[in-house]
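need a 3D model of the sequence below.
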Amino acid sequence: MRTESGSDGDWHLRPVPAASSGKPYRCPGCVQLIPPGTPHVVAWPADPGGADERRHWHRSCWSERGRRRPA
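Model (predicted):
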């Protein structure tokens, strides 16, 4: 896990390798499915209690989140 700061605050990030991705998730950046077996990241606010807001993102959507709003 690492922490990243951006214009939208501080975030904890956990990379999810393809081998550990066993079910589909919906990316909040593009609203498309992240199929099982796809490497991606899990991000949540670094605030206390922020883990309740964990979301799975495509890596590219996460890196471009400042350029577009979550759907």
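
which positions within the lengthiest strand in the chain qualify as buried?
For the chain, the strand that runs over the most residues, judged by DSSP state E, is strand 9-16. Of all the residues in strand 9-16, those buried under the rule 16 or more other CB atoms under 10 Å are 11-13, 16. All C-beta spots, glycine's among them, are computed from the backbone N, C-alpha and C.

now those in a markdown table, with pLDDT and distance to residue 30?
Below are the buried residues of strand 9-16 laid out as a markdown table (pLDDT from 0 to 100; distance: CB to CB, whole Å):
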| residue | pLDDT | distance to residue 30 |
| --- | --- | --- |
| 11 | 96 | 18 |
| 12 | 97 | 21 |
| 13 | 97 | 18 |
| 16 | 96 | 17 |
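
which one of the residues you listed is nearest residue 25?
The closest of those to residue 25 turns out to be residue 16 (CB to CB; 9.0 Å).

correct me, but the closest one touches residue 36?
No: with contact defined as CB atoms under 8 Å, residue 16 does not count as touching residue 36 (10.8 Å).

ok, residue 8 to residue 36 distance?
Per CB to CB, to the nearest Å, residue 8 is found 28 Å from residue 36.

strands paired with the lowest-mean-pLDDT helix or strand in the chain, and their directions?
Within the chain, confidence by mean pLDDT, DSSP states H and E is lowest for strand 2-6 among all helices and strands, at a mean of 92. As defined by DSSP bridges, the strand partners of strand 2-6 come to strand 9-16 (antiparallel).
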